[in-house]
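Chemist: just a sequence and a predicted model for now, questions to come.
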Amino acid sequence: MNSDQPCPAPTRRLLALGLACAAMPGAIPAALATPAGPLVQVWKGPACGCCKDWVAHLEANGFTVKAYDSGNTDARERLHMPIAYGSCHTALVDGYALEGHVPAREIRRLLKERPAAIGLAVPAMPIGSPGMDGPAYGGRKDPYDVLIVARDGGARVYQAYR
């Protein structure tokens, strides 16, 4: 294109939008201006529907998720999460292990409080926990505990859901 020819309409619009954004702080849409949430790496089986639903729960709550469909046994061992607290997926967020259907609210609390711990676990797969709360469960909600797992492998209740 010669410099003496006018810009095509789409190019002019993009240029005008760019100039408007540069001239007016706050003009950038919030979705573009907001930094991505904490990265959560998730190891799960490729066909696990509840794991996919848990990932969707995290993303809906502002987390950035990278999922690996290679299973979670090796990840659980590598992150030192005792098998006694095992579930269908294992995750890592900012140095903490997450085992099972841990609610986003408790992950945020963990990252704020930064306790000396391996991480959080929701053992087994309790119905009503994030990822185990879809239409297939008919609104059923079983009580469950989110455990904080200490570096010695012991655990205590971090948050009870009743």
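Modeler: On my side now, so go ahead. Residues are numbered from 1 along each chain as shown.

Chemist: please count neighbours and contacts with C-alpha atoms only from this point.
Modeler: OK.

Chemist: does Y161 touch Y144 like I think?
Modeler: Yes. With contact defined as C-alpha atoms under 8 Å, Y161 counts as touching Y144 (5.3 Å).

Chemist: against V93, how distant is the residue most central in space within the chain?
Modeler: Closest to where the C-alpha atoms of the chain average out (C-alpha atoms, centre = their mean) is L58, at 3.4 Å. In this view, L58 and V93 are 11 Å apart by C-alpha to C-alpha, to the nearest Å.

Chemist: ranges for the helices of the chain?
Modeler: 9-23, 30-33, 49-60, 73-78, 104-113 (DSSP state H).

Chemist: quick one: low-confidence ranges for this protein?
Modeler: 1-35 (pLDDT under 70).

Chemist: ok, now with 50
Modeler: Scanning the chain for pLDDT under 50 picks out 1-33.

Chemist: ok, which stretches of this protein are strands?
Modeler: 39-43, 64-68, 90-93, 96-100, 119-122, 144-149, 155-161 (DSSP state E).

Chemist: what residues does the longest one touch?
Modeler: I take that to be strand 155-161. 106, 143-149 (C-alpha atoms under 8 Å, 6 or more residues apart in numbering).

Chemist: in JSON lines, list those residues along with neighbour count.
Modeler: What follows is the contacts of strand 155-161, written out as JSON lines (neighbours: other C-alpha atoms under 10 Å):
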{"residue": "E106", "neighbour count": "16"}
{"residue": "P143", "neighbour count": "12"}
{"residue": "Y144", "neighbour count": "19"}
{"residue": "D145", "neighbour count": "18"}
{"residue": "V146", "neighbour count": "23"}
{"residue": "L147", "neighbour count": "23"}
{"residue": "I148", "neighbour count": "24"}
{"residue": "V149", "neighbour count": "26"}
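
Chemist: ok, the residue nearest to G128 when sequence neighbours are not counted - contacts?
Modeler: Leaving out its chain neighbours, the residue that sits closest to G128 by C-alpha to C-alpha, 6 or more residues apart in numbering is K141, at 4.1 Å. Counting by C-alpha under 8 Å, 6+ apart, K141 touches 127-129, 133.

Chemist: before we move on, what about D94?
Modeler: Contacts of D94 (C-alpha under 8 Å, 6+ apart): 38-40, 111.
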